[in-house]
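next one to model:
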Amino acid sequence: MLLAIPFDDLQTGTRWTSRGRTITEADIVRFAGISGDWFPLHTDQEYAARTDYGARIAHGMLILSVATGLIPLPPETILALYAVDRVRFTRPVFIGDTLHVEMAIARKRSRGSDRGFVTLAVDVKNQRDETVAAFSSTLLVRRLAAQ
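Model (predicted):
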C-alpha cells in the first residue's frame, strides 16, 4: 500500500489504482437518508426516466465519499484528511456502475519534523475507464523513519 510508505520516501508523480466498488440502489437510498438529499433525479425512478439521463443517478457527494473510501489510508501513516479541492463531476454514475480511483502524488510539503502534507490528484473512473469525477485530496501524513 503506497501511503504506508514514510513521508520522506514518497515520490511526486507516483501513481496507483484502487480496487473497484459497484454502486447499488441501496447505496443511493442510504445516502439520501443520511444526507437528507432526496432530489428526485436520485430517488424517483419515474422522474429520472424523463430526464436527459433516462434513469436515476448517484449523488455527486456519494461518488466523492465512495472515492475517498477507495483511497488507502493506513493509520500508521495517515493523520487526517486535510482538504478536498477542485471537485468536478464529469459524467453520471448509474446504479450498477463499478468505480475505481486512479491516484498520483501531485505535491509534497513538509510541516515540521514529524509530519507533512501529501496532495493526491484523483480521477474516479467507471468500468468503461471513463472519468466520472476528479478532485485533489490533501492528507496530513506522519513522518516515520524508514524501517
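
do a quick rundown of the strands in this structure.
Along the chain, counting by DSSP state E, strands occupy 15-17, 21-22, 78-89, 98-110, 115-125, 131-142.

just want the angle from the fourth one to strand 115-125.
Orientation check (axes from the mean of the first three to the mean of the last three Cα atoms, to 10 degrees): strand 98-110 against strand 115-125 gives 160 degrees.

now strand 98-110: mean pLDDT?
Averaging pLDDT along strand 98-110 gives 96.

kindly report the same for the shortest one.
Across strand 21-22, pLDDT averages out at 98.

please apply the same query to the fifth one.
Strand 115-125 carries an average pLDDT of 96.

how far off centre is it?
On the basis of Cα atoms, centre = their mean, to the nearest Å, strand 115-125 sits 9 Å off its chain's mean C-alpha point.

between it and strand 131-142, how many degrees?
Using the same axes, to 10 degrees: strand 115-125 against strand 131-142 is 160 degrees.

for strand 115-125, give me every contacting residue.
In this structure, residues lying in contact with strand 115-125 by Cβ atoms under 8 Å, 6 or more residues apart in numbering are 3, 7, 10, 63, 66-67, 71, 79, 82, 99-111, 131-143. For every residue, glycine as well, the C-beta is placed using N, CA and C.

many thanks, I have nothing further to ask.
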